[in-house]
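>>> sequence unknown, structure follows:
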């Protein structure tokens, strides 16, 4: 032994010098009685930062922060009483740092002194690892406590090793009852078996697994989704997994509510008579709902994802897309009507748009709901077509059939039979009250168009500016006050018959348009640009002398020739008095039924009185006279005393001018006298003592042109 070691080393040969010098731990030899350091190995010098001579001048308590000089004897007693005792303290290095250490002391005695051999192990790295581990565990617990999930660590036998959660109210049992217990001690057997199989499958496969299950928690069933993951290290010699469970009750309820809502929506869609489309702002179809698939322009699957312009002609597609885009921009519903060829045939639709407060695929959307209104349209058309007939029937005096056995009426019947089977234009001529409309109806009723409408218009019943509107209709906004589209009589009479009563009263502008329809079978509504094609048979009627009107320039000659293809003249009643008996019997019976009277017979006296009249009002006048008589009569036999108001005045004839003709002649005379001057003190208006605008209006109606008056 080297003399630098105390004599104890020389007296005892238990430790070699090489072992002490090469030990990685610090070794100090300390005098048990004084506490002075006798020797330090290189590791002790390096860790404390002193050279060996410097250390041998110090005592152990100069370096051990937990040791004081006054308790040294007790410390020696404690350390030597239990030789294997390890105590923890910190040594102060030369730089003042505290070095965590573990110390084990052995008592060594010799004849001359007692020493302590102190083995000092640096545990600073271990302490730092412990601190980091503790901090990591604290962070993990904080994270887990913040998670909405339940975290379990279980071994391969299904024993709960750890339970971590901030939501203990979702646990099947309390944490204390779960930790350390196996699955079969907590859950019902079938569920515990399922869980254990999942754990073992996770361990064997090394792959994560997912399971959904239900548990009764606090008297209410809760749904959970659990995900398992194998752990890399064993715990207590056994494989383990992490089981993370999340409460998905609300999610499943929301998903079920969504499924229920979708099913309800689909059920509604399957029952809806409407077509419901969800369309984005670019016009792309996103969804289609309907029970009427035969009304779809294309099947729902092929519509999906297509744009409106991919399916419809540009003009129609622009209309539909513009309506949707306006609704998306403004939030206001739009309404439109359109016609489409669909598997069910040519159908009319009424569509409404509505906004949707959501985006699909990042795009704003709207809903487009279309309803088949074909039946309604047809009903409206029939209603429009029949409205005129109904109005006429309301005012009809029950002489709705042509009655007559005279030769002149038989000639009329023959003409009706010949012309009815053609589509030729017919001009019915006759005085007022002779039954011109009845002839028109008779022609229509036996023609090939009898199942189509018969539409009537009295051309003299409207102001000049309104006749065109009635005949040809107008578009919405076609003129001030035109708030909606209106079909004209020609359009209503399509494939049927149009009866133009008092056609001689048509203003010149309307005559031009009428001629075009007769020639081309086409026209435009007022304010419209679309040319409409029609197939209409025209029957015109007048009590005027149209040939004379043509000569006077009041009626177009080309229109007259077009109307006068097949004229039928109805004789006045004065020319067929032999029909009065049959007419009287027929009319009295009809009027009696309508008025609730019980007149069974007409006396010969009545017929005698009636045949003596010249009947300037013709059959209409006869019907009026008989209605008055039926009202007055309270007996079963209608006698002559109830017949009154008969006219024996001669009927107007060409030799005796009408009031209209007299007015026209009077105005012409005034214009010639004033040389065509209308206003002023020497004008025609002053001469006639009427307002200038009134005079001008009468001239327009009578077809008087100043230029022609001056030239003649």
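Everything's here; your move. Just so it is clear, the structure is predicted and the values come from calculations on it, not from any experiment.
>>> switch to C-alpha atoms for all contacts and neighbour counts from now on
Fine.
>>> right, and residue 202 touches residue 229 too?
Yes: counting by Cα atoms under 8 Å, residue 229 is a contact partner of residue 202 at 6.6 Å.
>>> Please enumerate the shared neighbours of those two.
Residues touching both residue 202 and residue 229 (Cα atoms under 8 Å, 6 or more residues apart in numbering) are 208-209, 241.
>>> follow-up on the earlier one: out of residue 202 and residue 229, which sits in the more crowded spot?
residue 202 (23 against 19; other Cα atoms under 10 Å).
>>> how much space between that one and residue 159?
Residue 202 sits 15 Å away from residue 159, going by Cα to Cα, to the nearest Å.
>>> what do you get for residue 411?
Taking Cα to Cα, one finds residue 411 at 117 Å from residue 159.
>>> So these two - more neighbours on which side?
Between residue 411 and residue 159, counted using other Cα under 10 Å, residue 159 has the larger neighbour count: 20 against 15.
>>> Quick check, that one in contact with residue 185.
No: using Cα under 8 Å, residue 159 is not in contact with residue 185; the gap is 9.4 Å.
>>> show me what contacts residue 487?
Counted by Cα under 8 Å, 6+ apart, residue 487 has contacts 472-474, 525.
>>> now do 6 Å
With contacts defined as Cα atoms under 6 Å, 6 or more residues apart in numbering, residue 487 is in contact with residue 473.
>>> For beta bridges, what are the partners of it?
Under the criterion DSSP bridges, residue 487 forms beta bridges with residue 473.
>>> tell me which element residue 90 falls in.
strand 86-92 (DSSP states H and E).
>>> All the helices of the stretch 401-550 of the chain, in order from the start?
Assigned by DSSP state H, counting those that start in this stretch, the helices in the stretch 401-550 of the chain fall at 407-420, 436-445, 464-472, 489-492, 508-520, 546-551.
>>> so how far is the last one from its chain's centroid?
Helix 546-551 sits 61 Å away from the centroid of its parent chain (Cα atoms, centre = their mean, to the nearest Å).
>>> same thing with the first one?
For helix 407-420, the distance from its own C-alpha centre to the chain's C-alpha centre is 60 Å (Cα atoms, centre = their mean).
>>> Just the mean pLDDT for that helix, thanks.
Here helix 407-420 scores 89 as its mean pLDDT.
>>> Report the angle between the very next helix or strand once past the strand holding residue 90 and strand 86-92.
Counting by DSSP H and E, the next helix or strand C-terminal to strand 86-92 is strand 98-109. Orientation of strand 98-109 against strand 86-92 (axes from the mean of the first three to the mean of the last three Cα atoms, to 10 degrees) gives an angle of 120 degrees.
>>> in strand 98-109, what's buried?
For strand 98-109, the neighbour count (16 or more other Cα atoms under 10 Å) marks 98-108 as buried.
>>> what's the closest of the residues you listed to residue 80?
residue 107 (5.7 Å; Cα to Cα).
>>> Distance of residue 119 relative to residue 293?
95 Å.
>>> List the residues that contact residue 444.
Contacts of residue 444 (Cα under 6 Å, 6+ apart): residue 450.
>>> ok, for the residue nearest the centre of the chain, nearest residue in space, not its chain neighbours?
The residue lying closest to the centre of the chain (Cα atoms, centre = their mean) is residue 367, at 2.1 Å. Nearest residue to residue 367 in three dimensions, chain neighbours excluded: residue 278, at 4.6 Å (Cα to Cα, 6 or more residues apart in numbering).
>>> Give me the sheet partners of the helix or strand containing the one you found and which way each runs.
Take DSSP H and E as the rule and residue 278 turns out to sit in strand 275-280. The strands beside strand 275-280 in its sheet (DSSP bridges) come out as strand 285-289 (antiparallel), strand 363-372 (antiparallel).
>>> Nearest to residue 424, out of those strands?
strand 363-372 (37.5 Å).
>>> For that closest one, which outside residues touch it?
Outside strand 363-372, the residues within contact range by Cα under 6 Å, 6+ apart are 274-281, 348-356.
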